[in-house]
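[1] sequence-free structure coming up:
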């Protein structure tokens with residue numbers, strides 16, 4: 001199964017390339033005309049709802065400042081030191097078990113998925 005993902009500005013571009021290789025539909029904040037670097041958490045949340053995308057972020061401010069009803073879904077990775085390959089592998093592994101329609105609200109992801 002593939003996901004429709006929005007990568008936050010703090011997610012390495014390589015993560016996106018690897019996820020695209022796995023067949024996921026990936027948009028990075030840096031290259032999305034509606035968003036761009038420095039977009040507010042509220043803008044990202046609204047975008048995930050309007051475009052039916054799951055946000056991928058290391059940003060704990062997003063997690064702490066928004067209620068899960070404000071965004072479509074988000075994958076939060078607390079360990080920002082994980083290599084891009086590992087981050088992509090984690091998300092892809094989750095996609096094998098849960099279709100996008102079953103992902104809702106905030107999901108904490110980590111190395112335990114591998």
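    Everything's here; your move. Just so it is clear, the model here is predicted, and its values are computed rather than measured.
[2] all strands of this structure, in order?
    Counting by DSSP state E, the chain has these strands, from start to end: 4-7, 25-28, 54-57, 73-77, 105-109.
[3] so which elements touch the lowest-mean-pLDDT helix or strand in the chain?
    Taking mean pLDDT, DSSP states H and E as the measure, helix 60-65 is the helix or strand of the chain with the lowest mean score, a mean of 79. Applying 3 or more Cβ pairs under 8 Å, 6 or more residues apart in numbering; DSSP states H and E, we find helix 60-65 packed against helix 41-51, strand 73-77. For every residue, glycine as well, the C-beta is placed using N, CA and C.
[4] Throw the strands of the chain into a markdown table and include mean pLDDT, mean neighbour count and distance to residue 38, thanks.
    Rendered in a markdown table, the data for the strands of the chain read as follows (pLDDT from 0 to 100; neighbours: other Cβ atoms under 10 Å; distance: least, Cβ to Cβ, whole Å):
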| stretch | mean pLDDT | mean neighbour count | distance to residue 38 |
| --- | --- | --- | --- |
| strand 4-7 | 97 | 23 | 15 |
| strand 25-28 | 97 | 18 | 14 |
| strand 54-57 | 96 | 24 | 14 |
| strand 73-77 | 94 | 23 | 18 |
| strand 105-109 | 92 | 15 | 22 |
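[5] need those in CSV (columns: distance to residue 94).
    Shown next, in CSV, are the strands of the chain (distance: least, Cβ to Cβ, whole Å):
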stretch, distance to residue 94
strand 4-7, 11
strand 25-28, 14
strand 54-57, 10
strand 73-77, 7
strand 105-109, 7
